[in-house]
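**Student:** kindly generate the corresponding structure for this input.
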Amino acid sequence: MNNFQLLFTAGFPTLFVLAGILLNRQDTNMLRQEIQGSDVGGRIDLPTGKVIELTDRVSHLEARMGK
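**Tutor:** Just a heads-up that it's a prediction; the model follows:
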């Protein structure tokens, strides 16, 4: 096996895997920055309030039905 064959069979796939890892890390970091910059708490409060309201209404109906 000459040097070119060794480089071709081992070097290029390794290089492509490393490039993929670096690109995935960059995408992950960008996603983290987007999540930290957004107001997730405000979006969670609305559904939580609706669930609490629904729970109260069901409790009120159960009380009226005598359960």
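
**Student:** element containing residue 14?
**Tutor:** Here residue 14, judged by DSSP states H and E, is contained in helix 12-37.

**Student:** what's the model's confidence in the helix or strand that that helix is followed by, averaged?
**Tutor:** As assigned by DSSP H and E, the chain's next helix or strand after helix 12-37 is helix 40-65. In this model, helix 40-65 has an average pLDDT of 84.

**Student:** if we can go back for a sec, pull out the buried positions in the helix holding residue 14.
**Tutor:** Across helix 12-37, burial judged by 16 or more other C-beta atoms under 10 Å covers no residue at all. Yep, even glycine has a C-beta here, placed from its N, CA and C like the rest.

**Student:** for the chain, which residue is closest to the average position?
**Tutor:** Central residue check for the chain by C-alpha atoms, centre = their mean: the C-alpha nearest the mean position is that of residue 31, 8.3 Å away.

**Student:** what distance do you get for that one to residue 22?
**Tutor:** Applying C-beta to C-beta, to the nearest Å, the value for residue 31 to residue 22 is 15 Å.

**Student:** ok, residue 50 next?
**Tutor:** Distance of residue 50 to residue 22, given as C-beta to C-beta: 43 Å.

**Student:** for residue 14, same thing?
**Tutor:** Distance of residue 14 to residue 22, given as C-beta to C-beta: 13 Å.

**Student:** repeat for residue 7
**Tutor:** Between residue 7 and residue 22 the distance is 21 Å, computed by C-beta to C-beta.

**Student:** one more: residue 61?
**Tutor:** Spatial separation of residue 61 from residue 22 under the definition C-beta to C-beta is 57 Å.

**Student:** how much space between residue 64 and residue 58?
**Tutor:** According to C-beta to C-beta, residue 64 and residue 58 sit 11 Å apart.

**Student:** one more: residue 35?
**Tutor:** Here the distance between residue 35 and residue 58 works out to 33 Å (C-beta to C-beta).
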